[in-house]
Structures are given as structure tokens and as C-alpha cells.
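1. Predicted model, plus sequence, below.
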Amino acid sequence: MLTQALVSSSEDLNRYLAALDEPDAAYLSIQAELVLRRLGDLDQVEFDMIRQEAIRRPQRWRLPLRGVLSKSGARVTDVQRAVAIMEEIGGAEDIVLLRSIGKKEVDARA
């Protein structure tokens with residue numbers, strides 16, 4: 001069901017996540033790569049659910065997050081939310097990546 005929700009409309013995805021029981025949130029980690037592609041489509045409550053799952057299993061989420069943050073064609077909203085998660089679960093090796101994203105945002109505003 002999660003896979004189907006991840007390829008459905010934003011409304012369907014948010015509805016599915018809102019109905020997800022806490023023990024079943026572990027399935028989000030199993031499909032972290034797909035979940036991260038939809039961060040910008042999530043309502044705040046559902047995004048917070050994803051963030052909490054990433055905090056519970058940071059080792060599973062770091063590599064896919066690095067992929068989103070390194071991808072040149074990623075949607076701005078996906079990157080912003082990925083940054084928010086990575087700031088909480090990232091390791092020392094992620095500081096350079098986060099700084100480079102911050103620098104790009106500053107340069108884009110200038």
C-alpha cells in the first residue's frame with residue numbers, strides 16, 4: 001500500500017500517511033528513497049512523521065538524504081525539507097554538504 005501511495009496524488013499520499021499506525025512507520029524507512037522524492041508534497045503533520053522516523057533510524061536515512069541534497073534537479077521544497085532532516089540526523093561528514101546548499105541559496109538570492 002505504501003508504494004501505491006507514493007506514486008499517487010499528494011492528497012492520497014497525505015491521507016495514507018495520516019492513517020498510518022506508529023508501528024507501521026518503519027515501512028517508511030524501508031522505502032526511504034521513494035519517500036524522500038515526495039517530501040515537498042507532504043502536509044506538515046505527515047512531514048513530521050517522516051522526520052521522526054528518520055530520527056529513529058538515522059543510518060537508514062543518511063545516504064538517501066545525501067542523494068537528494070546532491071541532486072542538481074531536485075525540487076526546492078524537497079531539498080529544503082531534506083536539509084531540515086539532515087540537520088537533525090547528519091554526521092560530521094554532512095556539514096560540508098549542508099554548507100554548500102546554504103551558500104547556493106544565499107547566492108541565488110543575491
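-> Nice, I can see it.
2. Tell me how far Leu6 lies from Glu33.
-> 10 Å (C-beta to C-beta, to the nearest Å). Yep, even glycine has a C-beta here, placed from its N, CA and C like the rest.
3. Out of those two, name the residue with the larger neighbour count.
-> Applying other C-beta atoms under 10 Å to Leu6 and Glu33 shows that Leu6 carries more neighbours, namely 19 against 14.
4. how far away is that one from Ile95?
-> From Leu6 to Ile95 the distance is 30 Å (C-beta to C-beta).
5. And for Leu63?
-> For Leu63, the distance to Ile95 - C-beta to C-beta - is 16 Å.
6. which residues does Arg56 contact?
-> 25, 29 (C-beta atoms under 8 Å, 6 or more residues apart in numbering).
7. burial of Pro23, as a residue count?
-> 7.
8. any idea how far it is from Leu39?
-> 22 Å.
9. doesn't Arg51 make contact with Leu28?
-> No - with contact defined as C-beta atoms under 8 Å, Leu28 does not reach Arg51; the gap is 10.4 Å.
10. Show me which of those two is the more surrounded one.
-> Neighbour tally, Leu28 and Arg51, criterion other C-beta under 10 Å: the higher count belongs to Leu28, 24 against 18.
11. where do the helices sit along this protein?
-> Listed in chain order, the helices of the chain (DSSP state H) span 2-6, 10-19, 26-30, 32-36, 44-56, 58-70, 76-89, 95-109.
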